[in-house]
Each structure stands twice: as C-alpha cells, then as structure tokens.
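Chemist: output the structure for:
(2 chains)
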Amino acid sequence: MTTVTPPRRQQRASLPPEEPSIPQRSGGTGAYWLYLLPGLALLVVVVLVPLVWNVYLTFTKWRGVREPEFIGLDNWQKLLTDDDFWTSFGNSVWMVLAMVVVPTIVGLIVAALLFDVVGRKFGGKVGSFLRATYYLPQILPVAVAGIVIGWIVRPGGEGALNQILAVFRIGPVDWLGQMPSALIVLMVVLVWVQIGYPVVVFMAALQRVDPELYEAAELDGANWRQRFTAITMSIIRPEIFVVTLTCTIAALKVFGPVYVITGGGPAGATLVPAYYAYTEFFTKRNVGYGATIATVLTIVVVIVSIVFIRVQTSLERKERAGL
Amino acid sequence: MAATTVLVTDAAAAAAPRRAPRPARPRGGMTRKRGVDWLMLVLVSLGALLILAPFYLVLVNSFKSPVDYATSGPLAFPEALDFTGIQKFWERVNFPQKVWNSILISGVVSVLAVLLSMLNAFAIGIGRVRGRSWIVLLFLLANLLPQEALLYPLYYMFKEVGLYDSVWAVIIIFTVVQAAFGTYLLSAVYGTFPKEILEAASLDGATRWQILWRVVFPISRPTLSVLLIFFFIWTWNEFLIPLTFLASNANQTVPVAISVLQGDRLMDVTTTSASALLGIIPTLIFFLIFQRTLTRGITAGAVK
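Modeler: This is a model prediction of the structure:
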C-alpha cells in the first residue's frame, strides 16, 4: 500500500485543484456527492459507528445483555497489571519476526537468486516456475494453512513429524503442549504462508533493472554479493518499504492460526492480541475488556502506519534533495 | 493476507515490455553456467521443495487408510487409494454446501464491492469532490483497522436487526471492507483518467451517469476485473468475521467449517489430513485459473 497521493500529485500541478475532470454545465462538484453517498453511508454504519461504540465500551463493564455499566478507566487500569495482555503483545513481536523480518530477508535472497542467477542462466521458465512454487502457500486461507501445519505437528506417536523423528529414535514430542515449540509452530505457519509475497513483489521490482546492468557488472568482475548490494538492494528499496508496512500490520492482526492450532495455549503462552480480544468477547463475555484490548491493537496499527508513511516520505524527500 | 496485497496500476504495463526483447538472445549462449550457479539453483530448489513439503504430506496422507498410515508412515505414497477419510469428512461437513456458501458470499461481495468502489472513485478521482484526500484517507483507514475493533458492536447490531447467523451479515460487512480498499486504489487510477475523453463525451451531451457507464466503466474494465478477482479470493480466505457471524453449520464457509471441526472425535489422523486437503483444493483451483492476474496484480501496485 503506497501513500495516498503520488499518482495524483503530478496531475494537480497541471489542473486547477478543485475542478472535476468533466466540464461542468451546472452546479459544481456538489452533484458528485450523490455518487459518494452510498459508499459513505455504509462506511459510517459498518465502520465508524462500531469503531466509536467500541471505544465507548472500553469504559464499561458489559456481558452483552442488558445495559453496559459505566466504570470509567477500570478496564484500562486492568491492562497495566494483566500478564496475558503483555504476553499477547509480546508475542506480536514474534509474529512480526515471522511475518516481516524472516520473509523479507529470505525473500530478498530468493528473489535476487531467481532473477539474477536462475532467470538469466537457466531460462525465465525455471525462474517463473520456482516463483510460483514459493507463492503457492500465499493463496491459502490462513486458517487452512494453520490446519496443514497443525496436522504435521499433531501430538503423540501418530503425528507426521513425530513419526519421521521416530526413525531417528527421538520420542514423540508434544509440539503444541509446551513452549517454545508451540510458538515456533505458529511462526512456521506464518513464514510458510508469507514467504511468497516478498519474492513476487521483489522479482517484479527487479524487472525494472536493465539486464545489461548485471551483465556489465559481471564483466567488470563484480561478484554476486557486490551485484546484490549495489544493484538489487538499491532498486528494491521502495518495495521493501511497502512489504514491511503491509506485513507488519498483518502480523499485528494474526488470528486464524492461533485459533486453529494452539487456542492461545499452553496456559496462555501463545496468546496474540486479536485472539485475546476474541476470547474476552465471546468466551469470557467481558465485552468491555475485550473492547479495550481491541482498541489498543487499533492504536498500535494506526501508529505503525503513520510512522512508516512519515519515514517513507522523509526518505523520499531526502533522496530528491540529494539528486 | 488480504491487506498485504497491492493491485494493478499502469505499472504492470510498464514492466511488461521490458521482457519482450530478451528471448531473441540465444539462451545459455551468452552466459556461461558455472559451478556456483548450479549450487545457487540447487539451493533455491531445495527451498521450493521445503515449501511444497506440507502440500505433499497432506496430499499423500489424505488417500491412506489409518492402517496404511500407521504401517507405512507419513512420507510414503499410499499403498492403495483409500477415499474413506475424504468421504467421511465430505459428508460430515456437507462440503458442497460449504463451497456454495463460500461462492455465494465471495461472489456477491466482489461484485458489490467493485460497484461501490467505482461509484466512490468516480466522485473522488473524476468528480474531485472537496476534501477528497481526507475521504480517501478515511477509506484507507477503514481497510487497515483490525476487525476486532468493530467486531462486538457489529455482532450486537446485526443481532438486533435479525441478521445474525445470516450470510448477508458477512456480505454487507465485507462489501464495505473490500470497497474501502477498492476506493483507495481506484481513486488514484481515476485521478489520472484521460481528461480529453471525458471532455469529448461531455461535449456530445452525455450526462455524468452516462459518462460513468459508457466511458469510464469500459475503459477501466481491466483494473476492475483484477479488483473483482482479488475481492473474491480475499473474501473466500476471511476467517474472523465469518467465524463470529455464521454460528450454524448450514451457513458456514469452507475455512470456518473445516476449522471448527478440528477438535472433533471423528477427526482421526487421515481424516484431519483430508480436511486440510479439502480446504486447499478450492484456492488451488483459483490459483491455477488466475495465476497470471494474481502475480501481476500483487506486484504492480507496489511500484508507484
């Protein structure tokens, strides 16, 4: 997701700012509001009202029936001393590692290899085939991806991984019943699902590079690592930015794999904010407290987005000044 | 997953022609393959095999009988094709019904969301209504928000109006969520819509409504169809909201129906494998059909 304006900014320079592209016979831009009406009305009903309502709920105690009881800042105070809350956000850091850091680094290496080595020396077909393979898990519903990996680490002697390990005389491991393996299993699901996204995006970015550039660099004696840092990295930078932002937000929202694999266990050790809020809403019926967790999550997501976009614009500005 | 993907703009067109002149060059003639290159190829291929391994495991074990699984282990091919696991799960979840629910929800959402995005983007990108950058930001924000922040109020609201446990609750919510992204994207596309065409149509006496349907819609159809495909797949893959809103078995989508049965007594090791396989198959079919659109679609928007 790029920032809001870029394509339009150039347009604005050549057009008077507030004038519709279709010449006006009567009225101004006013009539266009009619076209926005359904969209905005639905947005208000389905997003804005629930959002404000949810914030209001953070100041209440409510079990979902009768009237919510106003309790001021109690829910917010409870957060400070709630270990599960801090665990859940602590685990978000691990989710970011699994969904952002690892896929971006591995994706960079794989994309560079596929483009620079495989694509150039073994033909584009091999490159595209491998790219499609890496992308394959991306299309799965993340809950289904969780079920697939969850099946492999099924506890007891009949689990696939345990059966394979039994060949090496390693006894059945209860992967989901203990830490850190339960958390690692979740991270494996996310890495598996996520890896194809940076690969595809980075490879497309590399299409912008003139192949001659790589060949020239190679003739000049630049090795693979030098070509990677001097050409690949500098070209892909904007994409790295987009991938990091979108994946960080997705990592903060992880829900499906936790729901299908660990259910937050063992003993709440693999809770994530989204799942914690869900259980507060629907299992424990502490609606007010669940709303508070969800609100904190929202604030974090918004802050992350703003920081990323700020940094990106300032980097771009610096770059332009440098030129 | 949904929000992580970015969509087509004209950048796709810009990227495409670059590949064109390359096949003319004799393959492997110009570039020597050295040992290092082979090593790299092996490394990347090993990575790809690792990615495929879970698919392989689920595939082969879905066709084994529990006895076959116990004796031959998870890695081997089935001794004889055994469909009991798949059949048991298929009947237990009433799989065709779940597929139909998913198709209905995703299909209606993608069509409605594209329509809504188009109307919004027409007002923002072409109509240039006042305060449009704020409106775009609002839509973008609506797409970024964690769904948990809306979940309980939505749950309560839909219960009050009697739409709880109805596919229509899910359809309404996702139409808005997907259209929020579509508006953000299409507004930028329509912002650069060729002005001459719009002026010409206007001079010929076309009203705004006519211009939208006879000029803007046909010209932007490629972008709209990519949006449609993405909305369909994103909605298909959604989990939290269908899980919350579709309580009764008969209304559930494929991912939800498969997930809620995971702890069930019926789920012995090969049946569980079959359940995962049945979850994979529909999206795999989409992947094979739309592979080009998908890979081109995700990449292009990332570039400005």
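Chemist: point out where the stretch 151-300 of chain B drops to low pLDDT.
Modeler: B:295-300 (pLDDT under 70).
Chemist: the stretch 1-150 of chain A too?
Modeler: A:1-18, A:24-29.
Chemist: OK, now which residue of it is nearest to chain B?
Modeler: A:Tyr32 (3.0 Å; C-beta to the nearest C-beta). All C-beta atoms are positioned from the backbone trio N, CA, C, and that covers glycine.
Chemist: show me what contacts that residue?
Modeler: A:20, B:122-123, B:126-129, B:208 (C-beta atoms under 8 Å, 6 or more residues apart in numbering or on different chains).
Chemist: burial measure for the closest residue to it other than its chain neighbours, as a count.
Modeler: Leaving out its chain neighbours, the residue that sits closest to A:Tyr32 by C-beta to C-beta, 6 or more residues apart in numbering or on different chains is B:Gly127, at 3.0 Å. By other C-beta atoms under 10 Å in any protein chain shown, the residues close to B:Gly127 number 27.
Chemist: state which helix of chain B is the longest.
Modeler: Longest helix in chain B, counting residues (DSSP state H): helix B:269-302.
Chemist: can you tell me the centre-most residue of chain B?
Modeler: Residue closest to the mean C-alpha point of chain B, counted by C-alpha atoms, centre = their mean, is B:Ile233 at 2.4 Å.
Chemist: please identify which helix or strand holds that residue.
Modeler: Element membership for B:Ile233 (DSSP states H and E) is helix B:221-237.
Chemist: now do the contacts for the residue nearest to the centre of chain B.
Modeler: B:Ile233 touches A:139, B:106, B:283, B:286, B:290, B:294, counting by C-beta under 8 Å, 6+ apart.
Chemist: need the per-residue pLDDT for the closest residue to chain B within the stretch 151-300 of chain A.
Modeler: Using C-beta to the nearest C-beta, the closest approach of the stretch 151-300 of chain A to chain B is made by A:Ala204 at 3.2 Å. Predicted confidence (pLDDT) for A:Ala204: 84.
Chemist: and the host helix or strand of it, how far out from the chain's middle?
Modeler: Here A:Ala204, judged by DSSP H and E, is contained in helix A:196-206. Taking C-alpha atoms, centre = their mean, to the nearest Å, one finds helix A:196-206 lying 15 Å from the centre of the chain it belongs to.
Chemist: kindly calculate the angle that the helix or strand that that helix is followed by makes with helix A:196-206.
Modeler: Using DSSP H and E, the helix or strand that follows helix A:196-206 in sequence is helix A:211-219. In terms of direction (axes from the mean of the first three to the mean of the last three C-alpha atoms, to 10 degrees), helix A:211-219 departs from helix A:196-206 by 90 degrees.
Chemist: average pLDDT for helix A:211-219?
Modeler: 81.
Chemist: that one close to chain B?
Modeler: Yes. Against chain B, helix A:211-219 shows contacts by C-beta under 8 Å from any C-beta of the partner chain at A:211, A:215.
Chemist: tell me if the next helix or strand after that helix is near chain B.
Modeler: For helix A:211-219, the succeeding helix or strand toward the C-terminus, using DSSP H and E, is helix A:224-227. Yes. Shown here: helix A:224-227 in contact with chain B (C-beta under 8 Å from any C-beta) through A:Trp224.
Chemist: which other helices and strands contact helix A:224-227?
Modeler: Counting contacts by 3 or more C-beta pairs under 8 Å, 6 or more residues apart in numbering or on different chains; DSSP states H and E, helix A:224-227 is packed against helix A:211-219.
Chemist: so which elements touch the helix it packs on?
Modeler: helix A:224-227.
Chemist: report the buried residues of the helix it packs on.
Modeler: Using 16 or more other C-beta atoms under 10 Å in any protein chain shown as the test for burial, helix A:224-227 gives A:224, A:227.
Chemist: can I get it in CSV? Just the C-alpha atoms.
Modeler: Output in CSV follows, covering the C-alpha atoms of helix A:224-227 (Å, rounded to 0.1, in the frame of the first residue of the first chain):
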residue,chain,number,x,y,z
TRP,A,224,27.2,-12.0,-6.7
ARG,A,225,27.3,-10.2,-3.4
GLN,A,226,28.5,-7.0,-4.9
ARG,A,227,25.9,-7.0,-7.5
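Chemist: and the closest residue to A:Met95 other than its chain neighbours, what does it touch?
Modeler: Residue nearest to A:Met95 in three dimensions, not counting chain neighbours: A:Ala251, with 4.3 Å by C-beta to C-beta, 6+ apart. The contact partners of A:Ala251, taken as C-beta under 8 Å, 6+ apart, are A:92, A:95-96, A:98-100, A:190.
Chemist: sec struct for A:Arg154, please.
Modeler: Following DSSP: H, G, I helix; E, B strand; the rest coil, the label given to A:Arg154 is coil.
Chemist: same question, the one 3 residues further on
Modeler: Here A:Gly157 is coil, with the state taken from three-state DSSP.
Chemist: quick one: residues contacting it.
Modeler: A:Gly157 makes contacts with A:163, A:166, A:172, as judged by C-beta under 8 Å, 6+ apart.
Chemist: which stretches of the stretch 201-323 of chain A have low pLDDT?
Modeler: In the stretch 201-323 of chain A (pLDDT under 70), the answer is A:322-323.
Chemist: return the residues of it in contact with chain B.
Modeler: Contacts of the stretch 201-323 of chain A with chain B, taken as C-beta under 8 Å from any C-beta, map to A:201, A:203-205, A:207-208, A:211, A:215, A:224, A:238-239, A:242-243, A:246-247, A:249-250, A:252-253, A:255-256, A:259-260, A:273-274, A:277-278, A:281-282, A:287, A:290-291, A:293-295, A:297-298, A:301-302, A:305.
Chemist: pull out the buried members of the residues you listed.
Modeler: Buried subset of those (neighbour count, 16+ other C-beta under 10 Å): A:201, A:203-205, A:207, A:211, A:224, A:238-239, A:242-243, A:246-247, A:249-250, A:252-253, A:255-256, A:259-260, A:273-274, A:277-278, A:281-282, A:287, A:290-291, A:293-295, A:297-298, A:301, A:305.
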